[in-house]
Each structure stands twice: as structure tokens, then as C-alpha cells.
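Student: The following block contains a protein sequence and its predicted model.
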Amino acid sequence: MFSKYKKWLIGAGALLLSVVGFILLSLAPAARPKVPPPTPAAPQVQLAPRTNDFKPVLVEATDAGLTITGQVVDAAGKPVPKATVSLAASQQVTLANAICTEDGEPLLSCKAPPAVEQVAGYLRDAKGLAQAGMTTTADGQGNFRFEKLQGTSFSVWATAEGRGAVIRERAAPGEPVQLVMPPQRTVRGVVESEDGRAVAGARVTVFSRRLPIPVEATTSGDGRFSVGGLGEGPFYVLGQAEGYLASAQPQVEAGAEPVKLKLLNPRELEITVRSGGQPV
């Protein structure tokens, strides 16, 4: 009798423990999956504005400095005496290496529509032209010398009456520089309106893509022009006239086919802002 009662107590205790264990498990909070910490946001990168800084780059050293020597000769190898020789730092910004503020491409090759107006604006303000950090005059044998230089790379160019300008880029101190002046070149062409009529009195500006020293001319009654006294090409040719948008041919060789510049009429775009059907 007692044995049966003992078995009944053991069974009842086991059942009670099972019930209590089930209740405790159901009341326990469910395990939550571990959530990884949020990834920190990438820092905002502030892009530098596309601008052209035409400020002069100093080339003169405060101490002894470096030296560049050379000679100016003509196409036949004969010395060119009394030529004006100029020097600037290679990093000096001019129209030759300026960027287009629209897309960051080289300005003189930029296809963005405002690029021509940007070039015209720089020329109007006399910005981006070849500017010398130092200037000297070649002697009777065409020899020249620059002393007390700071920097490692320079642009050196020469101009002389009756001869085309020439430039040597990335000249290094200690390496003799020879500047071979070419015969003067001429660019000819015609300026027309978009309907094909000649534009008389248009202003045409031509300069070398390597050495921006502009030369100007005005079109005749039939819209034709001739710009001489040029040196090394290729050339950038810009046409402007009152009442028209500026136009350019960015890659012109002298002596080739006549250049044709077509000036477009400005367009107007009317925009009306409305709110609730009413103009604002």
C-alpha cells in the first residue's frame, strides 16, 4: 500500500515540476537576435570649385638660386639679336592650360556652350594671357641668361619684330634652351551670321594655344579678315560682334583653308512660375 502511495507521490511531483518549468519558460523573454551597430555615414567630401587662378607665380629666388641659359635663332639657325625673351613658372595658369568651369576639361577644348563666352570674358578682362615672371633681351649673338631662379620647370618664350613667337615648355635649369623663331604666319577667314550674311566690323582675336599672346583684326564689309604676325600654332580663333553670341574655332592651322565663324543670334527663354494656377 505504501509502495503504491510512494509511486503516486513521485509521479505527481514530476508532473508538477514539468508544469512549473513550462510556465517559467513561457514567461521568460524571447531571445533577441544581435543587431550589428550601424555603419557610420561616409564623410561628405567638399569638392573644390572649378576656378582658374591667374595670379602670377613667383620665379625669383631670395638667395643665389638657379640659372637658365640659351640662344634665340631663326629657322636657318642664324642668331636673332635683341629678341625679347620671357620666362614663367610651368605651373603658371594661362589660357593655354586653363580649365572649363562647366566640366573641368581644358578650356580651349571644352565643348560646353558657355566655354566660348568664358574665353571671351577672360580676353576682355586681359586675364590668362602669357605673363612673364622675368624678361631679358638676347645679346648680339642671340644668347640670353636668367639667374636667381626658384623652381624646377619653366616656360621660356621669345618675340622679335618681323618673326613669329616661339615657346619652350618645361625648360629645366642647367639645360641649354634653344628657341627657333619661325616665319610669321597668317590666319584668314570670314565671319557670317547664322543666315549666311557677312558680318562687317566683327572683332576677330587669334592666339596660339601654346602661347596666348592675342592678335586682333576687324572684318571688312564682306566679313573677311586676315590676322598676321603669328608664331607657332595651332591657333584659337574667336569672333565677336554687337548683337551676336561669340563663336570660335578652337583648332586652326595657319595657311590652311579659310576659317569660317558663324555668329548666332541670342535667344530668349520666358519662364512663368505659378502657384495654384496663378503667376507668382
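Tutor: Yep, that arrived. These numbers were taken from a predicted model, which means no experiment stands behind them.
Student: ranges for the helices of the stretch 1-150 of the chain?
Tutor: 2-27, 114-124 (DSSP state H, counting those that start in this stretch).
Student: Check the ones you listed for me: which has the lowest mean pLDDT.
Tutor: With a mean of 54, helix 2-27 has the lowest mean pLDDT of these.
Student: what does the model give residue 113 for pLDDT?
Tutor: The model's pLDDT for residue 113 equals 75.
Student: quick one: contacts for it?
Tutor: By Cβ atoms under 8 Å, 6 or more residues apart in numbering, no residues touch residue 113. Heads up, the C-betas are built off the backbone N, CA and C, glycines and all.
Student: quick one, strands of the stretch 101-250 of the chain?
Tutor: Assigned by DSSP state E, counting those that start in this stretch, the stretch 101-250 of the chain shows strands spanning 134-137, 143-149, 154-160, 163-171, 177-181, 185-193, 203-208, 215-218, 224-230, 235-240, 247-252.
Student: ok, and for the fifth one, which residues are buried?
Tutor: What that stands for is strand 177-181. If you call a residue buried by 16 or more other Cβ atoms under 10 Å, then strand 177-181 has these buried ones: 177, 179-181.
Student: and the two most separated of those?
Tutor: Across those, no pair lies farther apart than 177 and 181, at 13.0 Å, counting by Cβ to Cβ.
Student: From residue 162, how far out is the spatially closest residue to residue 186 that is not a sequence neighbour?
Tutor: Spatially, and ignoring its direct neighbours in sequence, residue 186 is nearest to residue 228 (4.2 Å; Cβ to Cβ, 6 or more residues apart in numbering). Residue 228 sits 11 Å away from residue 162, taking Cβ to Cβ, to the nearest Å as the criterion.
Student: Compare neighbour counts for the two and give me the winner.
Tutor: residue 228 (14 against 9; other Cβ atoms under 10 Å).
Student: Is the more buried one in contact with residue 184, as I believe?
Tutor: Yes: if you go by Cβ atoms under 8 Å, residue 228 and residue 184 touch, sitting 6.1 Å apart.
Student: What ranges in the chain fall below the confidence cut-off?
Tutor: 1-50, 256, 267-280 (pLDDT under 70).
Student: I'd like the strands of the stretch 101-250 of the chain as a markdown table, with distance to residue 116 appended.
Tutor: Shown next, in a markdown table, are these (distance: least, Cβ to Cβ, whole Å):
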| stretch | distance to residue 116 |
| --- | --- |
| strand 134-137 | 31 |
| strand 143-149 | 36 |
| strand 154-160 | 25 |
| strand 163-171 | 24 |
| strand 177-181 | 30 |
| strand 185-193 | 14 |
| strand 203-208 | 11 |
| strand 215-218 | 16 |
| strand 224-230 | 17 |
| strand 235-240 | 7 |
| strand 247-252 | 5 |
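Student: do you know which of these lies nearest residue 106?
Tutor: So among the strands of the stretch 101-250 of the chain, strand 247-252 is nearest, using Cβ to Cβ, at 9.7 Å.
Student: got a list of contacts for the helix or strand that the closest one is followed by?
Tutor: Downstream of strand 247-252, the first helix or strand assigned by DSSP states H and E is strand 259-263. By Cβ under 8 Å, 6+ apart, the residues outside strand 259-263 that reach it are 187-194, 199, 202, 204, 237, 239-241, 244-249, 252.
Student: Perfect, I'm done here.
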